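1. Here you go, sequence then predicted model.
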Amino acid sequence: MIRHHDTRRGLILSLVVAGSTLASVQATGAAPSPTVSQAPEPTALTVGLGYIPSVQFAQFYLADQAGYYEAAGLDVTFQNKVDPELITLLAQGAVDIGVADGTSIIPAVSQGIPVVYGATIFSRFPNVVFAPTEAGIKTVGDLAGKSIGIPGRYGSSWIGLQALLASAGLTADDVEIVTYPDFGHGVAVAEGQVDAAIGYINNEPVQLAREGIEVDVLRVDDVAPLPGPGLVVGRGTLGAKGDALRAFTAATLRAMEDIAADPQLGLDATFTRVPELASDRETQLAVLEATIAAWTSDHTDAHGLGSIDGAMWQSALDTMAALPDSVVARPVTVDELITDELLP
């Protein structure tokens, strides 16, 4: 009788069994059947995108449909959330990673909310003030006394507008702010309800141009560089799922490179995910092309898609802290706001 604690006899027995197996193989020429290992379970990730499914999220749709996420060992589920709600869910770990505006991270972190920006999507701040060419608004100074449509006095649009006005020595008191909570400010410009509005370079100006309305655009980042939307995670989730989040980021950046090289890939992936958008393919292509242009900058040309410009974040901190209606609750450092842990 062999006892489990008799290690010497157990070793001898193992050698005897091994020798017998080898002898059997030599005698029959057949090797023992290999053990089939189970593939590891994919890591589930909940991904928060913008409020409305859009061609602006084509890289995520493509990475999912092309199998990039699956090949990285991920099981991805998309959710559509507004930016303020998404920041809260990321901090709580209810959403693992999401696209949130860079200007939302600064006030959030200054309030002690544990989120961090890990990869750049829009390397150029996409918010712009746009106006019909006939309005004669060619410079920021021309906005004085004009009516400007905006979704509300919050978020990147409000911060961007204040920064733009400040570059010409103006404040919100020098213009007429008209709010459109249902995001109808683009239509308001088209119908002449307001002189101008603040929106996104890859959205309202593109739509108006497609309708035959010529517009002039004042880019916020031409006078006040601010961080655009990027991949944001909760600090706790980064610690718990770091490898999966890095794999997700790499797969998403790969899809961005694919779409930049061939926008049709992004269109097809979007129409598969959101079929109703295919009813106006030309407009969706125009939006996508403007989106791709906003992904790149001199910084990404030098450092690659997704890279984070720390100097620009410091400039943004200084700009936002100096605004009359500042949302920076306490001084923060760039290291509190960004991380390179998600990037290759």
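-> Yep, it's here. Numbers count the residues shown, from 1 in each chain.
2. Let me know the secondary structure of G212.
-> Following DSSP: H, G, I helix; E, B strand; the rest coil, G212 is assigned to coil.
3. Based on its surroundings, how many neighbours for it?
-> G212 is flanked by 6 other residues according to other C-beta atoms under 10 Å. Where you see a C-beta, it was placed from the backbone N, CA and C, and this is true even at glycine.
4. which ones are touching it?
-> Applying C-beta atoms under 8 Å, 6 or more residues apart in numbering to G212 gives no contacts.
5. Check the gap between it and A197 for me.
-> Going from G212 to A197 by C-beta to C-beta, to the nearest Å gives 18 Å.
6. So what's the residue count around the residue lying closest to S110 once chain neighbours are set aside?
-> What sits nearest to S110 in space, not counting adjacent residues and going by C-beta to C-beta, 6 or more residues apart in numbering, is A329, at 4.3 Å. Using other C-beta under 10 Å, A329 has 13 neighbouring residues.
7. My read is that A329 contacts I113, right?
-> No. Look at A329 against I113 with C-beta atoms under 8 Å: they stay out of range, at 10.1 Å.
8. per-residue pLDDT, the nearest residue to Q56 once chain neighbours are set aside?
-> In space, and not counting its chain neighbours, Q56 is closest to T291: 5.1 Å by C-beta to C-beta, 6+ apart. At T291, the predicted lDDT confidence score is 98.
9. again, but for V82
-> With respect to pLDDT, V82 scores 83.
10. just V17 next, same as before
-> Note on V17: pLDDT of 34.
11. One more: G50?
-> You'll see G50 listed with a pLDDT of 86.
12. That one and A144, how far apart?
-> According to C-beta to C-beta, G50 stands 32 Å off from A144.
13. Same question for V287.
-> For V287, the distance to A144 equals 31 Å [C-beta to C-beta].
14. Among those two, which residue is more densely surrounded?
-> More crowded of V287 and A144, by other C-beta under 10 Å: V287, with 24 against 12.
15. who's in contact with the residue lying closest to G192 once chain neighbours are set aside?
-> In this structure, G192 finds its nearest non-sequential neighbour in P132, 7.9 Å apart by C-beta to C-beta, 6+ apart. Contact partners of P132, counting by C-beta under 8 Å, 6+ apart, are 189, 192, 208, 213-216.
16. For P132, give its distance to P324.
-> 28 Å.
17. could you pull out the helices for the stretch 101-250 of the chain?
-> 102-110, 155-166, 185-190, 204-210, 235-240, 242-261 (DSSP state H, counting those that start in this stretch).
18. will you turn the ones you listed into TSV that also has mean pLDDT, distance to V76 and mean neighbour count?
-> Output for the helices of the stretch 101-250 of the chain, formatted as TSV (pLDDT from 0 to 100; distance: least, C-beta to C-beta, whole Å; neighbours: other C-beta atoms under 10 Å):
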stretch	mean pLDDT	distance to V76	mean neighbour count
helix 102-110	96	22	24
helix 155-166	95	25	24
helix 185-190	95	31	20
helix 204-210	95	28	20
helix 235-240	98	14	16
helix 242-261	98	7	20
